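[1] my questions concern the predicted model and sequence given below.
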Amino acid sequence: MRKTGFFTLVTLVLASCTVGPDYVKPPLDTPPVWRLDYEAAAGLADLAWWEGLGDPVLNRLIQEALKENKDLKIASARVEQFLGALDTTRSQFFPQMGGDLSASRQRVTETGPTPIPTGISSTYNYFQAALNVGWEIDVWGRIRRASENARAQVLASEEGRRAVILTLVTNVAKSYLSLRALDRQLEIARETEKAYAETLHLFHLRYKYGTISRLELSQIESQYESARQAIPQYQSLIAQQENFISILIGRNPGSIPRGRAIDDLAPVAIPGGLPSTLLERRPDILQAEQSLVAANAQIGVAKARYFPVISLTGILGTASEELSSLFEGPSKIWTTGGAAAGPIFTFGAISGQVKQAEALQQQALFQYQQTVQNAFREFEDALEETCKGRERLASQGRQIDSLKSYARSARLQYEGGTASYFLVLDADRSLFSAQLAYVETQSNVLTSLVNVYKAMGGGWVNEADKRTAEAAVSAK
């Protein structure tokens, strides 16, 4: 009972000797509400939101990316790296044991100041087998702070891996949405080029029979070439977008399958939550905080260098001139001891290391605060873009309806001889530009919804992470 009390007392004394500041979560200025009011949809941030778009091809692309993306594989390997570092650091809590087995043959001089006794050979063998033990007593908490630092780095690397998942899923979704928007814009360009080609053919006949001037024919030709130029432009953009998606999903550049058209994609709902929930959901915020924890612990590691390192050592083994008698009783050897080694004059070397550690801790603190502020900004921006983008899209839809009516009226007036073809050209060009702009806004609205989920973080990252693990198991 007395022994138990003694060891408990020793443990408490050692714990109280831990140098360096204990980590305290810094206070943060969290906005009470979002600037823009919206209808909250609680719990949506915890779902696989991309499935709400209703495109099975997109679902498969994201699943493949979670399985094959190289950035995610690198991040996973980095976690293993820090886990190994944590194991190495924690091992210092325990005695370190090693073995030594040696054999040698030696000859001593016969002409030295001490003569060799008669009958003793100047040449002899020497065999030794021993176990050596060394143990640093963590009186000042250096190892405890180093272990705290290593553990925080593991957690930070894990959050970094989850941040890669968050970025990967949202990038695949946004890239696919952009691809479908480019597909639709190419379709509009081709439809417009076809319509202009029919008009150009008709006007060539009119010019041939002298019913229109060369000026009017040149106007039609220019209009046709303008629409025709847009086709290779969009084809090039589509190829580049396909190559980008291919890299995201871990493939060589190549074509990407298509699912639902952009007009048929169902917009996902906006996730609900208070601003403070970002602090619990976003991997980059959690990663920044763990980096702060690690930097804080490093101050203790640096300050521990002011104090002596106390260690215990021991050797137990056998030594003999004859291999046959190496493990006999008289051959036993042992040594026990203790040591304390500490600095006396370092001329600022240790204080400099402490200053460096404290400065790095301040950098990590400011980085954490900046990460939090940036998270609030990203969500506000994404939410604003989504809501205002919807308003802009509705207005552009009404504009297209008006331009279609304008184009029909202009053509009727031209055919009736009450307007020049300049009016028809202006109406057609405006309609073509408005249709392309509408698809662009369509893509931006869907992309901004994805950005809302990216900025919010949420349990959907855990869902994606679960699918990553499942994909890794199925690949074995």
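    Sure thing, it's come through.
[2] could you look up the SS state of the closest residue to residue 155 other than its chain neighbours?
    Of all residues beyond its chain neighbours, the one nearest residue 155 is residue 290 (4.3 Å), with distances taken as CB to CB, 6 or more residues apart in numbering. Using the backbone N, CA and C atoms, a C-beta is placed for each residue, glycine as well. Here residue 290 is recorded as helix under DSSP: H, G, I helix; E, B strand; the rest coil.
[3] what does residue 312 give?
    Strictly by three-state DSSP, residue 312 counts as strand.
[4] count the residues that sit near it.
    By other CB atoms under 10 Å, 14 other residues sit near residue 312.
[5] next one: residue 123
    If you count neighbours by other CB under 10 Å, residue 123 ends up with 8.
[6] kindly report the same for the one 4 residues further on.
    Neighbourhood size, residue 127 [other CB under 10 Å]: 19.
[7] surely the residue nearest to residue 155 touches residue 159?
    Yes - with contact defined as CB atoms under 8 Å, residue 290 and residue 159 form a contacting pair (6.3 Å).
[8] run through the helices of this structure in chain order.
    Using DSSP state H, the helices of the chain run over residues 2-16, 56-68, 70-90, 142-208, 214-248, 278-281, 283-303, 349-415, 421-456, 460-475.
[9] low-confidence stretches in the stretch 351-476 of the chain?
    Applying pLDDT under 70 to the stretch 351-476 of the chain picks out residues 471-476.
[10] what do you get if the cut-off is 80, keeping everything else the same?
    The model of the stretch 351-476 of the chain has pLDDT under 80 over residues 420, 458-459, 467-476.
[11] what residue is smack in the middle of the protein?
    Nearest to the geometric centre of the chain sits residue 164, at 2.7 Å (CA atoms, centre = their mean).
[12] residues in contact with that one?
    Counting by CB atoms under 8 Å, 6 or more residues apart in numbering, residue 164 touches 69, 71-72, 75.
[13] distance of it from residue 62?
    Between residue 164 and residue 62 the computed distance is 14 Å (CB to CB, to the nearest Å).
[14] what is the neighbour count of the closest residue to residue 46 other than its chain neighbours?
    For residue 46, ignoring the flanking residues on the chain, the nearest one in space by CB to CB, 6+ apart is residue 459 at 3.1 Å. Neighbour count for residue 459, taken as other CB under 10 Å: 16.
[15] ok, now residue 148?
    Residues near residue 148, counting by other CB under 10 Å, number 23.
[16] close enough to count as contact, it and residue 297?
    Yes - in terms of CB under 8 Å, residue 148 counts as a neighbour of residue 297; the distance is 3.9 Å.
[17] list residues touching both of those two?
    Residues touching both residue 148 and residue 297 (CB under 8 Å, 6+ apart): residue 23.
[18] who does residue 105 form a beta bridge with?
    Counting by DSSP bridges, residue 105 forms beta bridges with residue 125.
[19] what is the neighbour count of it?
    Neighbours of residue 105 under the rule other CB under 10 Å: 8.
[20] the residue nearest to residue 317 when sequence neighbours are not counted - how many residues pack around it?
    In space, and not counting its chain neighbours, residue 317 is closest to residue 130: 2.6 Å by CB to CB, 6+ apart. The tally of other residues near residue 130 (other CB under 10 Å) stands at 17.
[21] give the bridge partners for the residue lying closest to residue 339 once chain neighbours are set aside, please.
    Once flanking residues are discounted, residue 339 sits nearest to residue 311: 5.4 Å by CB to CB, 6+ apart. Beta-bridge pairing for residue 311 (DSSP bridges): residue 136, residue 339.
[22] surely residue 311 touches residue 143?
    No - shown here, residue 311 and residue 143 do not form a contact pair, counting by CB under 8 Å, at 11.5 Å.
[23] and for the two, which residues touch both?
    Contacts common to residue 311 and residue 143, judged by CB under 8 Å, 6+ apart, are residue 136.
[24] higher neighbour count, the two?
    Each of residue 311 and residue 143 has its neighbours counted (other CB under 10 Å); residue 143 has more, 20 against 16.
[25] how close does that one sit to residue 292?
    Distance, residue 143 to residue 292, using CB to CB: 21 Å.
[26] quick one: low-confidence parts of the stretch 101-250 of the chain?
    Within the stretch 101-250 of the chain, the segments meeting pLDDT under 80 span 108-122, 124, 206, 211-213, 216.
[27] can you rerun that using 50?
    For the stretch 101-250 of the chain, no stretch has pLDDT under 50.
[28] ok, and the closest non-adjacent residue to the residue nearest to the centre of the chain?
    residue 75 (4.4 Å).
[29] the one you found: neighbouring residues, count only.
    By other CB under 10 Å, the residues close to residue 75 number 19.
[30] same deal with the one 4 residues further on?
    As a burial measure, the neighbour count of residue 79 was computed by other CB under 10 Å and equals 19.
[31] also residue 251?
    Counted with other CB under 10 Å, residue 251 comes out at 14.
[32] the chain should start at 429 in everything you say after this.
    Sounds good: first residue 429 from here, last item residue 679.
[33] how about the contacts made by it?
    When contacts are taken as CB under 8 Å, 6+ apart, residue 679 is in contact with residue 496.
[34] hmm, 10 Å instead?
    492-493, 496, 671, 673 (CB atoms under 10 Å, 6 or more residues apart in numbering).
[35] again with residue 493
    By CB under 10 Å, 6+ apart, the contact set of residue 493 is 499-500, 593, 596-597, 599-601, 673, 675-679, 892, 896, 899.
[36] circling back to that earlier point, distance of the residue nearest to residue 767 from residue 566?
    10 Å.
[37] any residues in contact with both of these two?
    Counting by CB under 10 Å, 6+ apart, residue 739 and residue 566 have no contacts in common.
[38] any idea how far the closest residue to residue 608 other than its chain neighbours is from residue 613?
    Spatial nearest neighbour of residue 608, excluding adjacent residues (CB to CB, 6+ apart): residue 690 at 4.2 Å. Going from residue 690 to residue 613 by CB to CB gives 10 Å.
[39] and for residue 575?
    Residue 575 is 56 Å from residue 613, by CB to CB.
[40] quick one, which of those two is more surrounded?
    residue 613 (24 against 20).
[41] pull the contacting residues for that one.
    So residue 613 contacts 658-659, 661-662, 665-666, 690, 863-868, 871 (CB under 10 Å, 6+ apart).
[42] show me which of these are buried.
    658, 662, 665-666, 690, 863-868, 871 (16 or more other CB atoms under 10 Å).
[43] dump these to JSON lines, plus distance to residue 802.
    Listed next are these as JSON lines, based on distance: CB to CB, whole Å:
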{"residue": "658", "distance to residue 802": "37"}
{"residue": "662", "distance to residue 802": "34"}
{"residue": "665", "distance to residue 802": "30"}
{"residue": "666", "distance to residue 802": "32"}
{"residue": "690", "distance to residue 802": "30"}
{"residue": "863", "distance to residue 802": "36"}
{"residue": "864", "distance to residue 802": "33"}
{"residue": "865", "distance to residue 802": "30"}
{"residue": "866", "distance to residue 802": "32"}
{"residue": "867", "distance to residue 802": "30"}
{"residue": "868", "distance to residue 802": "26"}
{"residue": "871", "distance to residue 802": "24"}
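[44] no further questions, thank you.
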